[in-house]
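A.B. asks: Next comes the sequence, and after it the predicted model I'd like to discuss.
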Amino acid sequence: MRLTKVPLDAATTTAEVTTTAEVTAAGASGRPSGGRWRARLANRLRDDAGMNTAEYAVGTLAAVAFAGILLKVLTSDGVQAALASVIDRALG
């Protein structure tokens, strides 16, 4: 009554296969008895290797905020004057 992982194809890494005994033990509720559903849930959560949608949203917001701050700094008068003087010295 163990879950086994079998490779499917290049796009999908592994899939969980439920044995007949586990389906029978699950009964009408569809949930394994004896608290095994917690272990299965923990395994599924532990195997999560990528970012989900909420993490992408937070990462995107952080990148946009950083880009906005960088744009504000680079377009300030002091930084533009410093960049212009560096370019003038480099070109002679």
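C.D. replies: Cool, got the structure. These numbers come from a predicted model, not from an experiment.
A.B. asks: What helix or strand is residue 83 located in?
C.D. replies: According to DSSP states H and E, residue 83 maps onto helix 77-91.
A.B. asks: and that helix, what's its mean pLDDT?
C.D. replies: Helix 77-91 carries an average pLDDT of 94.
A.B. asks: Stretch 42-51 too?
C.D. replies: pLDDT averaged over stretch 42-51 gives 68.
A.B. asks: now do stretch 57-66
C.D. replies: Across stretch 57-66, the average pLDDT comes to 95.
A.B. asks: on that earlier part again, any chance you could list what contacts the helix holding residue 83?
C.D. replies: Helix 77-91 is touched from outside by 73-74, with contacts defined as C-beta atoms under 8 Å, 6 or more residues apart in numbering. For the C-beta atoms, the positions are set from N, CA and C on the backbone; glycine is no exception.
A.B. asks: Buried residues in that helix, which are they?
C.D. replies: Of the residues in helix 77-91, none count as buried by neighbour count, 16 or more other C-beta atoms under 10 Å.
A.B. asks: got the residue ranges for the strands in this structure?
C.D. replies: Here the chain has its strands, by DSSP state E, at 4-6, 15-17.
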